[in-house]
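Q: Following is a predicted model, sequence given first.
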Amino acid sequence: MSSKLTRLFVAAPLVSRGELALDPAQAHYLINVMRCKAGDEVLVFNGIDGEWRANLAASGRKSAKLNIGKQERPQTEGPDLHYLFAPLKRARLDYMVQKVTELGVSRLRPVLTRRTMAERINETRLRANAIEAAEQCGILRVPEIEAPEKLSKLLETWDQDRLLIFADEQAPTASPLAGLAAQRRGPLAVLIGPEGGFEADERALLLKQTFVVPISLGPRIMRADTAAVAALSLVNAVLGDWR
């Protein structure tokens, strides 16, 4: 993959010698922001068919088409890793979504707790941030985004084959590496709570579950968006695809 080529996520099948009409926002981005001209190459991906080279066909001010060329990279699945989070205020939520996308999560699952700061989320905005991160960092998929769900309901319907790794300030093992190294590999999820932490009964409910693994993130209290990066980096290094 050439890092010099602009990358675009598209919601359409990709096949050799196919033609793809871009939506107005993508046409504007290529023509007016990136100053692409007819014949210029870009890279396109859709999360299913891998990454392909394409050439910008003749375009107008608000419309453009791509001619699909050869496949650059086949599709890869990436880790089966969900990220669960209490929604944050907008700017920090944008940052968090971008970073966890770069870290390879496959699904974003907002969780409502009693100390959740913002119970409503703009799923369109979340997806736009995830797409932008995927385009910029070279990954081939965009995480799926689920509707917000209350913590108690989420735990009731949990797939118990998926470990839920819970960042717990009171975890019994000080070393997160030691805590993770003892776990089996397989489908994973990481849960970061709200800024004020979980209520005592919420924490107790989590710890009752056989599929929940509490880990410490060290001696310092982190903001939720920082904790997301720290926890996912640890999980990727010990149990994920950084090994």
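A: Arrived safely. Numbering: from 1, shown residues only.

Q: Contact partners for the spatially most central residue of the chain?
A: With distances taken as Cα atoms, centre = their mean, residue 101 lies nearest the centre of the chain, 2.9 Å away. Each residue near residue 101 by Cβ atoms under 8 Å, 6 or more residues apart in numbering is listed here: 129, 130, 133, 134, 137, 139, 142, 143. C-betas here are computed from N, CA, C, even on glycine.

Q: how about those, which pair is most distant?
A: By the measure Cβ to Cβ, 129 and 139 form the most distant pair in the contacts of residue 101, at 13.8 Å.

Q: Just the buried residues of the contacts of residue 101.
A: Using 16 or more other Cβ atoms under 10 Å as the burial test, the contacts of residue 101 include 129, 130, 133, 134, 139, 142, 143 as buried.

Q: The fourth one contacts residue 141, doesn't it?
A: Yes: using Cβ atoms under 8 Å as the test, residue 134 is close enough to residue 141 to be in contact (6.9 Å).

Q: quick one on the thing from earlier: checking the residue nearest to the centre of the chain next. Helix, strand or coil?
A: Here residue 101 is recorded as helix under DSSP: H, G, I helix; E, B strand; the rest coil.

Q: What score does the residue lying closest to it once chain neighbours are set aside have for pLDDT?
A: Here the nearest residue to residue 101 in space, its sequence neighbours aside, is residue 133; by Cβ to Cβ, 6 or more residues apart in numbering that works out to 3.9 Å. Predicted confidence (pLDDT) for residue 133: 97.

Q: can you confirm residue 133 is in a strand?
A: No: Residue 133 is assigned helix when assessed by three-state DSSP, not a strand.

Q: What's the separation between it and residue 103?
A: 10 Å (Cβ to Cβ, to the nearest Å).

Q: next one: residue 203
A: In terms of Cβ to Cβ, residue 203 sits 25 Å off from residue 103.

Q: who's more crowded, those two?
A: Using other Cβ atoms under 10 Å as the criterion, residue 203 and residue 103 rank with residue 103 on top: 23 against 17.

Q: give me every residue that touches that one.
A: Contacts of residue 103 (Cβ under 8 Å, 6+ apart): 229, 232, 233, 236.

Q: Now do the same for the third one: helix, strand or coil?
A: Taken by three-state DSSP, the conformation at residue 233 corresponds to helix.

Q: and the gap between the nearest residue to it once chain neighbours are set aside and residue 120?
A: For residue 233, ignoring the flanking residues on the chain, the nearest one in space by Cβ to Cβ, 6+ apart is residue 103 at 6.8 Å. Applying Cβ to Cβ, the value for residue 103 to residue 120 is 25 Å.

Q: which helices and strands does the helix or strand containing residue 128 pack with?
A: For residue 128, the element it lies in under DSSP states H and E is helix 123-137. Using 3 or more Cβ pairs under 8 Å, 6 or more residues apart in numbering; DSSP states H and E as the contact test, the elements touching helix 123-137 are strand 7-9, helix 90-102, strand 144-145.

Q: I figured residue 58 hits residue 38, correct?
A: Yes: if you go by Cβ under 8 Å, residue 58 and residue 38 touch, sitting 5.1 Å apart.
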